[in-house]
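Engineer: for reference, the sequence and a predicted model appear below.
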Amino acid sequence: MTRISGKSIVLLVTLGVFAALAAAPADAQNVRPSVQVDVGTAVPAYTPSVDSDGDLSAIVYNADITKGIWVVTSDGRGIDWTAPVRVDEDPVGFLKYTQYDSCVVVDNHIYAAWEDERNGTTNEDIYFNYSTDGGATWMGEAWVDKGYPAGTGVVRDWRLHVSGLHVYFLLTVDPTGMANEELYLVASHDGGLNFQAPVHIPQDFAPGAFDIEMMEMAANGLTVHVAWQDDRGGSGSNLDVFYQKSIDGGATWNASDIQLDSSGPGVGDANGEMSVVAMGNGVAVGWQEELTHSAYEEIRVNVSTNGGVTWNGDVMVGNYNPALYDADGVWLALGNRNGTITLACTWCDISSGAYEAYAAASLDAGATWPNVTQLSTAGATKARFPRIDEIPDSLAITFISADNPNRAEGAFSNDGGVTWTTVQTSTTIDDTDHAEIAFNVDYNNVICAWLSDDLGSYNMNNVYTGGYRPQTLTLNGTFTAGSLVNFEISNWPTASGNPTFGVFASGSLGNYMLAQGPIRNSGLTWDAYTNACISQMPGVCSDWILPGGTGSTMSFPFPATIPVGTTLYFVALGLDGTTTPITLGALTDIVTVVVQ
């Protein structure tokens with residue numbers, strides 16, 4: 001007998017009599033019901049940001065612009081959420097703005113950041129607050145030094161990135177409100193308690209000599225990668241793309257900036273969103289550029305395989321003709337499979353006649369992008385990945401559909417972005433205006449947050465959350481006495497490495513923790529039904545996971561041993577009994593069934 005944790009899941013290798021179960025078959029990708037999380041705060045709500053790490057998830061949002069910055073928390077499953085907690089300390093109620101990266105979760109730390117007009121309506125500053133105990137208490141808000149006194153100058157754009165105890169703010173600052181924007185990094189290396197003075201990033205010119213536009217960053221410990229657009233090319237408003245790297249947490253930078261758009265100085269016009277991802281020696285930068293056509297943007301990506309020292313040259317991503325069709329938005333994800341850098345990219349383009357969401361994968365460090373998939377069919381905007389350091393077992397995308405009413409929709413891939421399965425993530429009934437996505441690696445779990453006006457008039461939005469796990473458990477057959485039934489799994493992450501799966505049941509919901517590997521909440525109570533399932537491993541409650549991520553147990557006759565009307569709760573769990581202790585893999589959401 002092998003035990004999975006203290007009280008633990010006990011895997012018996014002897015056959016036994018399996019208790020009778022009954023249920024209607026469940027749908028693949030059991031999307032969780034939408035949950036309103038901003039209960040009790042002012043409406044309308046704006047721009048939720050969601051993140052998840054380990055067994056902690058958080059959503060940061062802005063209530064009625066002037067009514068404060070609020071945070072709700074959950075465990076890594078993102079099912080049950082706490083009441084909102086206000087984390088700003090503005091007693092008057094000046095305008096505040098959140099954005100996609102306003103919330104960062106690292107281990108048990110939550111970082112909340114926002115743009116704030118309390119020091120002047122034309123002098124926006126950045127404030128943040130953080131918790132070191134999962135949101136139970138907060139350290140107190142702090143002003144982020146932008147290189148000019150509070151109330152002087154304007155923060156035009158900003159980004160927040162956290163790697164361990166290294167907290168980085170990337171800022172573009174207009175010192176007068178009418179000057180060229182400057183680019184600074186502000187860093188803390190003690191989790192946000194103390195920050196160093198802002199450091200100007202471009203090394204080829206002094207602050208303000210040229211105008212900075214869009215920027216993005218990635219960081220791993222003390223290594224920081226930054227890319228931005230500026231107009232040093234000398235051709236009017238045309239912008240080029242540049243890169244810098246620091247290996248000491250932003251204190252110093254490379255001697256010279258590197259231009260990444262190979263069109264040359266002032267040729268083409270880079271604009272709009274950027275994406276920077278980095279892992280090990282792999283660094284990738286994506287941007288939009290009016291290159292082939294002066295009015296149509298195309299998606300360009302450049303990759304370095306030696307940590308940003310040299311670059312392979314930018315390539316266009318997508319199957320559209322850039323001389324005829326426009327492409328917008330670029331989000332990248334980076335992985336490493338068998339020593340080769342792999343990438344995924346998502347964007348929207350109009351090549352089908354309407355803006356639709358697309359995804360592509362590169363298996364050769366960005367040299368080619370042959371695997372292009374159209375994800376939407378009714379129009380789409382704002383396609384994006386979660387903020388992840390590495391492509392996980394299941395890569396997910398969210399986007400807003402263009403049908404009426406708009407929906408938060410998405411897709412997932414279990415093979416690094418080569419193939420995709422689409423999912424509708426929002427179950428609210430009215431218009432969806434904004435959607436963000438997080439991915440919890442431990443649970444292989446997608447968590448989405450979005451705005452919807454279900455409860456009020458048009459544009460009086462509330463914050464909702466939901467999600468799904470790609471790995472899915474389905475119960476097959478008619479669960480009546482004597483009928484044949486079995487368990488089936490689908491969309492199992494093939495990178496998980498578990499050769500088998502087991503199905504576990506309980507008569508009640510609970511908080512039984514899986515302690516082997518990452519600590520996860522099964523959502524079940526350990527009881528006699530659980531033991532009955534374990535007695536059939538191997539047996540009718542377990543089987544092999546096939547290469548395509550599917551699996552099915554043998555059928556067995558359903559016996560009438562459990563009272564009709566009993567509610568039972570099931571999960572499937574990846575298992576590898578050849579290791580000591582046993583290795584646990586992907587865990588499904590709970591499937592609820594009723595004995596017939």
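Structural biologist: Received it, and whenever you're ready, just let me know what you need.

Engineer: going forward, measure contacts and count neighbours with C-alpha atoms only.
Structural biologist: Fine.

Engineer: now do the helices in this protein.
Structural biologist: Remark: helices assigned in the chain by DSSP state H are 528-534.

Engineer: tell me how it divides into domains.
Structural biologist: Annotated domains of the chain cover 2-28+472-594, 31-143+431-468 [automatic domain parsing].

Engineer: among these, show me which one is buried the most.
Structural biologist: Among these, the stretch with the highest mean neighbour count (mean count of other C-alpha atoms under 10 Å) is domain 31-143+431-468, at a mean of 22.

Engineer: need the least confident one among the domains of the chain, by mean pLDDT.
Structural biologist: Of all the domains of the chain, mean pLDDT reaches its minimum on domain 2-28+472-594 (a mean of 81).

Engineer: now the domains of the chain as a markdown table including distance to residue 329?
Structural biologist: As requested, those are exported to a markdown table (distance: least, C-alpha to C-alpha, whole Å):
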| stretch | distance to residue 329 |
| --- | --- |
| domain 2-28+472-594 | 28 |
| domain 31-143+431-468 | 14 |
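
Engineer: out of these, nearest to residue 341?
Structural biologist: For the domains of the chain, the distance to residue 341 is smallest for domain 2-28+472-594, at 15.6 Å, taking C-alpha to C-alpha.

Engineer: tell me the centre residue of the chain?
Structural biologist: Most central in the chain under C-alpha atoms, centre = their mean is residue 386, positioned 2.1 Å from the mean C-alpha point.

Engineer: contacts only, for that one.
Structural biologist: By C-alpha atoms under 8 Å, 6 or more residues apart in numbering, the contact list for residue 386 reads 396, 397, 436, 437, 438, 439.

Engineer: do residue 396 as well
Structural biologist: 385, 386, 410, 411, 412, 413, 439, 446.

Engineer: specify the beta-bridge partners of it.
Structural biologist: Partner residues in beta bridges with residue 396, using DSSP bridges, are residue 412.

Engineer: next one: it from residue 417, what distance?
Structural biologist: Residue 396 is 9 Å from residue 417, where distance means C-alpha to C-alpha, to the nearest Å.

Engineer: same check on residue 278?
Structural biologist: Note on residue 278: its distance to residue 417, by C-alpha to C-alpha, is 17 Å.

Engineer: which residues outside stretch 100-115 are in contact with it?
Structural biologist: Stretch 100-115 has contacts (C-alpha under 8 Å, 6+ apart) with 47-60, 69, 71, 87, 96-99, 124-135, 159-164, 436.

Engineer: go with 6 Å
Structural biologist: Contact partners of stretch 100-115, identified using C-alpha atoms under 6 Å, 6 or more residues apart in numbering, comprise 49-54, 60, 96-98, 125-134.

Engineer: ditto for stretch 44-51
Structural biologist: 57-64, 98-100, 102-105, 438, 460-462.

Engineer: run the last query once more with 7 Å
Structural biologist: When contacts are defined by C-alpha atoms under 7 Å, 6 or more residues apart in numbering, stretch 44-51 is touched by residues 57-64, 98-105, 434, 436-438, 449-450, 460-463.

Engineer: with stretch 587-596 instead?
Structural biologist: Around stretch 587-596, the neighbours that count as contacts under C-alpha under 7 Å, 6+ apart are 21-24, 443, 469, 471-473, 479-480, 564-574.

Engineer: can you check stretch 206-219 too?
Structural biologist: For stretch 206-219, the surrounding residues in contact (C-alpha under 7 Å, 6+ apart) are 159, 163, 172, 180-183, 200, 224-232, 271-278.
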